[in-house]
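1. Sharing a model that was predicted from the sequence below.
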Amino acid sequence: MTKEEIKIRSLSSTAELEAVRRLESKIWGESDSIPTHQTITAVKNGGLVLGAYCGDQLIAFQYSFPGFNGQSVYLCSHILGTDKHFRNKGIGEKLKLAQRNEALKLGYSLITWTYDPLESINGYLNIGKLGGMVSTYLPNCYGEMEDLLNSGLPSDRFLVEWHIRDEKSADTIGNAFEQDFVLKNSLLQWNVNDKGQPVVLPIKLEDLHKNAIQFVPVPKNYRTIRETDIELAGDWRMRTRDAFSELFDQGWQVSDFKKISNPEIPVNFYILTRN
């Protein structure tokens, strides 16, 4: 299967949106799926549901609804899910780009969403490739979640702002820094345990404001850590929470993502600059 074989289209019928609900249940569990009557209502009132198809099979979806902050209207990108048999094939990126095009047609200029900052794949897509920006950290955003993917840890999230009328080249900042420079200037340090997993060390708050640019590491395979060592996963959660919260309070923002290709280095990096 190639990207070209995946077709994206907007969904609005009851049958289409019920198929979305079933796929969502398959990914996260039945109890957390969004009722079809809600997605139908959202689509009729400025919302958007996109489906990715391989032939006639729905393999991924994206659901958004309108938001309003008292001053402006924007699109809240609530859920993007992919069937586990079709992950890591670029479908999420294809859905987001289709979402951008459809949102522009609807008159939106801003799309927002949240995601777990420790999920490197999502960080690379949301920040490095799409050009989203982050200056808000939401500790335990959704409370204790018991779905199939999130149970056992605080549901901390980044709030992404994607200004879809702006054009930003992918990795405009990330490629400006060599790997050795990023490693040397990493805000957090780590050791590697006998499983090859990075063990994060306590943060040194005095290092927060040394540089004009900051590099904050996150594990390449946080989901594996979470499934095999919940205590280590919790350490990464709390120490990156402290780092990001302090930096955002001091006027920093996540502006790009550095993907480390060396397989012996178990982390990737967020790049932060001053607002």
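-> Sure thing, it's come through.

2. Just give me the neighbour total for Asn175.
-> 13 (other CB atoms under 10 Å). C-beta: built from backbone N, CA, C; applies to glycine.

3. Mind pulling up the pLDDT for it?
-> We have a pLDDT of 75 for Asn175.

4. Could you do Ser169 as well?
-> You'll see Ser169 listed with a pLDDT of 48.

5. Relative to the longest strand belonging to the chain, what are the paired strands and their orientations?
-> Using DSSP state E to define each element, the chain has its longest strand at strand 57-68. Using DSSP bridges, the strands paired with strand 57-68 are strand 48-54 (antiparallel), strand 73-82 (antiparallel).

6. nearest to Asp229, of those?
-> Smallest distance to Asp229 across the strands paired with strand 57-68 (CB to CB): 25.3 Å, for strand 73-82.

7. what sits up against the closest one?
-> 23-24, 27-28, 34, 46, 48, 52, 59-68, 91-92, 95-96, 99, 103, 106, 108-113 (CB atoms under 8 Å, 6 or more residues apart in numbering).

8. try it again with 7 Å
-> For strand 73-82, the external contacting residues (CB atoms under 7 Å, 6 or more residues apart in numbering) are 23-24, 27, 48, 59-67, 91-92, 95, 99, 103, 108, 110-113.

9. Repeat that for stretch 217-225.
-> Residues from elsewhere that reach stretch 217-225 (CB under 7 Å, 6+ apart): 117-120, 123, 186, 188, 190, 197-198, 232-233, 236, 240, 266-270.

10. Pick the most buried one from the strands paired with strand 57-68.
-> Mean neighbour count (mean count of other CB atoms under 10 Å) peaks for strand 48-54 among the strands paired with strand 57-68, with a mean of 21.

11. which intervals of the stretch 1-150 of the chain have sub-threshold pLDDT?
-> Low-confidence segments of the stretch 1-150 of the chain (pLDDT under 70): 1-4, 145-150.

12. ranges for the helices of it?
-> In the stretch 1-150 of the chain, the helices defined using DSSP state H, counting those that start in this stretch lie at 14-28, 36-43, 91-106, 120-123.

13. Which stretch among these approaches Gly251 most closely?
-> Here helix 120-123 is closest among the helices of the stretch 1-150 of the chain (CB to CB), at 20.9 Å.

14. Would you agree Gln189 is in contact with Pro202?
-> No - taking contacts as CB atoms under 7 Å, Gln189 lies outside contact range of Pro202: 9.1 Å.

15. Give the closest residue to Ile225 in space, chain neighbours not counted.
-> Setting aside the residues directly before and after it, Ile225 is nearest to Ala233 in space (CB to CB, 6 or more residues apart in numbering), at 4.9 Å.
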